[in-house]
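Novice: Give me a model of this one.
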Amino acid sequence: LTSNISGLKKGFGDAESAMSKFGKVAGAVAVAAGVAAVAIGTKAVKAASTLEQNMGALESVFKGSAGQMEDWANKAASSVGLAKSEYAGLATVLGSQLKNMGVSTDQLAGQTDGLIRMGADLAAQFGGSTSDAVSALSSLLRGERDPIERYGVSINEAAVKAKMAEMGLSGLSGEAEKNAK
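Specialist: Alright, predicted model coming up:
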């Protein structure tokens, strides 16, 4: 009888030890799941905030054409491989650049979307993301030529001056020359 009681005590001790280990593992798993849920929630809130901000900026830049731009942003995933928020952010930057260069309001939306589509084509042909290619086009609008070279586009000063002369834009200076380039 004593050996049976002793075996029973050992069995209960082993079971208690196993349950304790299980409890610790289960607790650790629960904590990890909680941390992951908070991280996912935080990321979702940031994404929603970025989308709201980008859509507001789109409205501000494109005003009367904002509805068309939002429609293109909604279709951007399938048409150019960009998330709605990403399309809106890139369009806002490009649209602002074009607007500051003197592009008329009635042409602003179409030219901006055209540049984004050109970026998608460059990315498809040369690799990389559409966002990177559109950013290279945006850099080119600022006069930075190095980023666009990744996409097989080489522009030198002599070619720019020749094209300006062909278009009747030679002899300009300051901001007018920069915009003509």
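Novice: which residues does the closest residue to G128 other than its chain neighbours contact?
Specialist: Excluding the flanking residues, the one nearest G128 by Cβ to Cβ, 6 or more residues apart in numbering is R150, at 7.4 Å. For glycine as for every other residue, the C-beta is placed from the backbone atoms N, C-alpha and C. By Cβ atoms under 8 Å, 6 or more residues apart in numbering, R150 lies in contact with 126, 128, 136.
Novice: mind running it again at 10 Å?
Specialist: For R150, the contact set (Cβ atoms under 10 Å, 6 or more residues apart in numbering) comprises 122, 126-128, 132-133, 136.
Novice: Spell out the secondary structure type for it.
Specialist: When classified by DSSP: H, G, I helix; E, B strand; the rest coil, R150 comes out as helix.
Novice: hmm, back to that, among the contacts of R150, name the buried ones.
Specialist: Using 16 or more other Cβ atoms under 10 Å as the burial test, the contacts of R150 include 122, 132-133, 136 as buried.
Novice: Same list, the residues you listed, but as a markdown table with pLDDT, distance to T92 and secondary structure please.
Specialist: What follows is those, written out as a markdown table (pLDDT from 0 to 100; distance: Cβ to Cβ, whole Å; DSSP: H, G, I helix; E, B strand; the rest coil):
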| residue | pLDDT | distance to T92 | secondary structure |
| --- | --- | --- | --- |
| L122 | 96 | 20 | helix |
| D132 | 96 | 17 | helix |
| A133 | 96 | 17 | helix |
| A136 | 96 | 17 | helix |
